[in-house]
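A.B. asks: Sequence plus the predicted model coming up.
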Amino acid sequence: MFGIPGKQAVSLTPAAAAQIARLMAKQGSQGLRIGIKKGGCAGMEYTMDYVSEVNPMDEVVEQDGARVMIAPMAQMFLFGTEIDYHVSALEASFRFNNPNVAEACGCGESIKFKDQPAA
């Protein structure tokens, strides 16, 4: 696993933990797996998928009834990230406050990490 011993790779705000716990209960899942993939105008995108079992290579973060698994290839890119859940009049969405991001596109769904080669 990547990171600092004793420190979780990501943290969840109370709103994010509550929403993830609701989704876990509704879907009957073991949690949400967070990863990254190539795509979008800035080069990379976050992924979130329901999982039925924990991969032993995943970094597992548990907080207030919520469980998030971080895919092995995403761990170094997500370390230090705070995940929030924001609700407005027009949308509800998870937001990633990630200190490793160098650039983000206007829509906020595509990112470029520090030291990532140009697409």
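C.D. replies: Everything's here; your move. Residues are numbered from 1 along each chain as shown.
A.B. asks: contacts, neighbours, all on C-alpha from now
C.D. replies: Fine.
A.B. asks: which stretches of this protein form strands?
C.D. replies: Here the chain has its strands, by DSSP state E, at 10-12, 31-38, 44-51, 59-63, 66-70, 81-87, 92-97, 101-104, 110-113.
A.B. asks: Show me how far the longest helix seen in the chain is from its chain's centre.
C.D. replies: Secondary structure assigned by DSSP state H gives helix 14-27 as the longest helix of the chain. On the basis of CA atoms, centre = their mean, to the nearest Å, helix 14-27 is displaced by 14 Å from the centre of the chain it belongs to.
A.B. asks: thinking again about what came up before, for the strands of the chain, state which one has the densest average packing.
C.D. replies: strand 66-70 (a mean of 25; mean count of other CA atoms under 10 Å).
A.B. asks: Now do that one against strand 59-63: the angle between them, please.
C.D. replies: With axes from the mean of the first three to the mean of the last three CA atoms, to 10 degrees applied, the angle from strand 66-70 to strand 59-63 works out at 160 degrees.
A.B. asks: tilt between strand 66-70 and strand 44-51?
C.D. replies: If you take the same axes, to 10 degrees, strand 66-70 sits at 130 degrees to strand 44-51.
A.B. asks: Contact partners for residue 49?
C.D. replies: With contact taken as CA atoms under 8 Å, 6 or more residues apart in numbering, residue 49 is in contact with 32-34.
A.B. asks: Show me which of those residues is closest to residue 78.
C.D. replies: Each of the contacts of residue 49 was scored against residue 78 by CA to CA, and residue 34 proved nearest at 9.0 Å.
A.B. asks: So what touches the longest helix of the chain?
C.D. replies: With CA under 8 Å, 6+ apart as the test, helix 14-27 has contacts from 30-32, 50, 63-67, 83-86, 94.
A.B. asks: and that helix with strand 59-63, angle?
C.D. replies: Angle, helix 14-27 to strand 59-63, by the same axes, to 10 degrees: 100 degrees.
A.B. asks: the bottom helix or strand of this structure by mean pLDDT?
C.D. replies: strand 110-113 (a mean of 64; mean pLDDT, DSSP states H and E).
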